[in-house]
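[1] model this:
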Amino acid sequence: MKEMNRREFLTLTGAAVVALSLAGCGGGSYAPPAPAVPTGKEAELLAAINKVWKEKYDAKAVDHEQLILNQEAQGAIKIQGGIFEDAKESVHTLTTEDMQKLVDIQKWEISMKKKYDLGGAAGFSEPTGEEGNMEVSLTFEYSCEGAVVQKFVDKILKYSLSRKAEFISIYCPVVQSTTYMIATVFWNKTA
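    Numbers count the residues shown, from 1 in each chain. This is a model prediction of the structure:
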């Protein structure tokens, strides 16, 4: 290893100090992370949802004119969608392994509730049937057609506090070559 002279040492140390001081700069007001940039189907679906959401806003049914894509909540809906993707069926009887995955959603929800208030969701049915034989289903095939998106948004808004939503997370699971859509809405606790 080559020995470092004083000039090289001071140059590297100075660069490190500048980098650390920049990383530690706070002082200013908090700026939330930039929203995720939607791609493909997510972008199309977000645009269709926001068209309906704007109508709801104009009718004073929601507090924000548009929803911002924020995939922090995608973890839960990805778990839900993953159950169907793994089972390769859109209507599925929950297994013990699936139930454990659904417990993971509760862990996710606890961590999310530290930062956000959670609203409604659409695209995944509540389990029906008796314990040991509970069935779930994906309830919305992917579509950006107005009437379908209207029903999707109405489902999200069945939870009365969803009207306060600022953010939306979207997941589009694919089961047997058919794309479905799942979404959930939420907002900052400080709002």
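
[2] could you pull out the strands for the protein?
    Taking DSSP state E as the criterion, the chain carries its strands at 68-69, 91-93, 116-122, 135-137, 167-171, 174-175, 178-179, 182-188.

[3] so how far is the last one from its chain's centroid?
    When you say that, I think you mean strand 182-188. Relative to the centre of its chain, strand 182-188 is centred 6 Å away, using C-alpha atoms, centre = their mean, to the nearest Å.

[4] Sketch out the low-pLDDT regions of this protein for me.
    For the chain, the stretches flagged by pLDDT under 70 are 1-39, 191.

[5] picking that back up, nearest to Ala147 among the strands of the chain would be which one?
    Closest approach to Ala147 among the strands of the chain (C-beta to C-beta): strand 116-122, 14.3 Å. Using the backbone N, CA and C atoms, a C-beta is placed for each residue, glycine as well.

[6] Going by contacts, tell me the helices and strands next to that closest one.
    Judged by 3 or more C-beta pairs under 8 Å, 6 or more residues apart in numbering; DSSP states H and E, the packing partners of strand 116-122 are helix 146-156, strand 182-188.

[7] With just CA atoms, put that strand into CSV.
    This file holds the C-alpha atoms of strand 116-122, laid out as CSV (Å, rounded to 0.1, in the frame of the first residue of the first chain):
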residue,chain,number,x,y,z
TYR,A,116,-50.1,7.9,8.2
ASP,A,117,-53.8,7.4,8.8
LEU,A,118,-55.0,4.6,6.7
GLY,A,119,-58.2,4.8,4.6
GLY,A,120,-60.1,2.4,2.4
ALA,A,121,-59.0,-0.1,-0.1
ALA,A,122,-60.4,-1.9,-3.1
